[in-house]
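*Asks:* Coordinates for the following, if possible.
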Amino acid sequence: MGKKDQKSEKTESERFEAVLHLLRKQAPLSLKQEKFCNKACVERFLKSKGDNVKKAVKQLRACLSWRESVGIGHLIADEFSAELTEGMAYVAGHDEESRPVLVFRIKQDYQKFHSQKMLTRLLVFTLEVAIQTMPRNVEQFVILFDASFYRSGSAFMNMLVGTLKMIAEYYPGRVYKAFVIDPPSLFSYLWKGVRSFVELAPLTTVVSSLDFDESMDFDDFSTYQGSSSLRFDPSTAKIGSCSSSRFAFTVSPHLDSLKPWYLTFTDTSASKVGPTTPSPSSLMGPARISPLNARSHSFASPIYRTPRSNINNYKNGLFPSTPLPQRTQKVDPTSIYHPRTPKPSFLQSPALFFKKECHVSKSEKSRDSFLPFLKFYRRPYDEMTYKSKMRPPLSGLISIVSAQLNRRHASVSQRFDQIN
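*Replies:* Below you'll find the model as predicted:
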């Protein structure tokens, strides 16, 4: 096994050197291009082309020329101040594997007032910020396309296909997963005909946000005020009785999370039929629920709708008793049929009988794959948090000037100390 690993390392290093040799042979590389064409970058291009050196060199040379045409070295946050304020494209955070999660919430009207080059620069700027925030051992990111701002399926299709082709051509091996959330109605039909021509289509999944419950799948209630009041908190529960205008309920000391209270038939409001406790001045007893002060009393059983004195009459006359067998009659225990409770049919769909147990539908797979990234989609956008993730020169002129001022201040102080 050790010899095989050494051979594979030699072949990888040889391919890397061959790619750099062909690139330099075609045209000399600048310092930025030399820095960009590191070993990890060349390996990603080789992997995307099946370890073919010539194809990898051709794609890498096209990528270098494209980066110069776009002007990636001159991208700064000040150019996209309006887009950053609205949160059209940003890095929402990192998943459990430290992969950046990008969210694109570009509106359909954005392309009416901006050119395609401006949209491309915005997307590239977001991708470069995500690459800056990657740890050393991470090379991929996750993209969430929020299509709820699009009304036309064809318009969103053009934006999505163009973005995926750009990433596959100039950022090979960078996409871990891509999700299209709440697309227009006609998008699914258009996507079926186009996905065979898109290289990143196997990594792209269409998801509907209506399939997820907000309270169940997103537990970060700290960012939403008032949402924590929807759940029962045992620590704030008051053990004892509590009254309302219609019913009275008492919290049990066991604090059952499902039913921590139970209803009583006593109305605690003195404004109804009578007082709740008997007093020598009042001839009326404790107030009971009646058809006048409780509507739901009409749904009670017949034994509670009749007076207390007539309850014993039902035991003798109303309910017929089952005749018991005579003592002299011998009953075979094996002949007695004990009925069993059937399995509830409402828990299982009839379609499950025609499916294999190991088979899982595509919708369930897409739902499970999107569930770890649901919190990033629903997390509110914070401009300051996103800008704090940027590094110079992408972070803008303010950060560059402040960094230079800090260095100048430090150098001046050092000179002053040396003079003293």
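*Asks:* residues in contact with stretch 45-53?
*Replies:* Identification of contacts with stretch 45-53 by C-beta atoms under 8 Å, 6 or more residues apart in numbering yields 15-16, 18-19, 22, 55-56, 59-60, 63, 168, 172-173. (C-beta placed from N, C-alpha, C; glycine too.)
*Asks:* Hmm, I typed the wrong one, I wanted stretch 162-171.
*Replies:* With C-beta under 8 Å, 6+ apart as the criterion, stretch 162-171 contacts 48, 59, 62-63, 66-67, 104, 120, 123, 127, 143, 145, 174-175, 178, 198-201, 204.
*Asks:* Please narrow those residues to those residing in strands.
*Replies:* Within the contacts of stretch 162-171, residues falling in strands by DSSP state E are 104, 143, 145, 175, 178, 204.
*Asks:* quick one: pLDDT of the residue lying closest to the second one once chain neighbours are set aside?
*Replies:* Take residue 143 and drop its neighbours on the chain: the residue closest to it by C-beta to C-beta, 6 or more residues apart in numbering is residue 178, 4.5 Å away. Residue 178 carries a pLDDT score of 97 in this model.
*Asks:* In the beta-sheet assignment, what are the partners of residue 178?
*Replies:* residue 143, residue 204 (DSSP bridges).
*Asks:* Can you pull the phi/psi pair for residue 149?
*Replies:* phi -90, psi 0 (degrees, to the nearest 10).
*Asks:* Against residue 184, how distant is the nearest residue to it once chain neighbours are set aside?
*Replies:* Nearest non-adjacent residue to residue 149, counting by C-beta to C-beta, 6+ apart: residue 107, 4.4 Å away. Taking C-beta to C-beta, to the nearest Å as the measure, residue 107 and residue 184 are separated by 13 Å.
*Asks:* So the two - more neighbours on which side?
*Replies:* residue 184 (18 against 13; other C-beta atoms under 10 Å).
*Asks:* Need the nearest residue in space to the more buried one, chain neighbours excluded.
*Replies:* residue 153 (4.0 Å).
*Asks:* residue contacts, that neighbour?
*Replies:* By C-beta under 8 Å, 6+ apart, the neighbours of residue 153 are 183-187, 189-190.
*Asks:* cool, and residue 26?
*Replies:* Applying C-beta under 8 Å, 6+ apart, the residues near residue 26 are 57, 61.
*Asks:* and if we set it to 10 Å?
*Replies:* 57-58, 61 (C-beta atoms under 10 Å, 6 or more residues apart in numbering).
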